[in-house]
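Q: Okay, predicted coordinates and the sequence, questions at the end:
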Amino acid sequence: MNNMKNLTETKKRPFKGAGMLIGFTIGSSAALVLYLLTREITTSIPIFAGVCVPIGMAIEKKLQGEEKQESKPKTKNLMIFIITLGLILLSGLYFYAKF
């Protein structure tokens, strides 16, 4: 009966830094795709830097199981709006410089 008390359910977690490595991989592939489409390294470097760190940090936070604060729907909508606006401005700037 003592054995039953000592058994606890443990959840395996990946090593620290796994999320950053995944973010680096995603950022590298995004930069590579952009470079292959445009053949300009100057556009792919900011995409690499802007994608790697935030995505890596978000994935790392999820993998390590840190407590997340409840965010309001207003905050989520604002973040989606800002990301969409940034993508529109980036693509507009690219097409303005290209054509």
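A: Everything's here; your move. Residues are numbered from 1 along each chain as shown.
Q: how far does whichever strand or helix holds Leu87 sit from the chain's center?
A: Counting by DSSP states H and E, the secondary-structure element that holds Leu87 is helix 73-98. Its chain's C-alpha centre and that of helix 73-98 lie 16 Å apart, by CA atoms, centre = their mean, to the nearest Å.
Q: next one: stretch 43-57
A: Taking CA atoms, centre = their mean, the mean C-alpha location of stretch 43-57 is offset from the chain mean by 8 Å.
Q: Run through the chain and note the low-pLDDT ranges.
A: Counting by pLDDT under 70, the low-confidence segments of the chain come to 1-11, 66-71.
Q: Please parse it into its domains.
A: Following automatic domain parsing, the chain resolves into domains at 14-68, 69-99.
Q: State the distance from the residue nearest the centre of the chain to Lys12.
A: With the centre of the chain defined as its mean C-alpha position, the nearest residue by CA atoms, centre = their mean is Ile55, 1.4 Å away. Ile55 sits 23 Å away from Lys12 when distances are taken as CB to CB, to the nearest Å. (C-beta placed from N, C-alpha, C; glycine too.)
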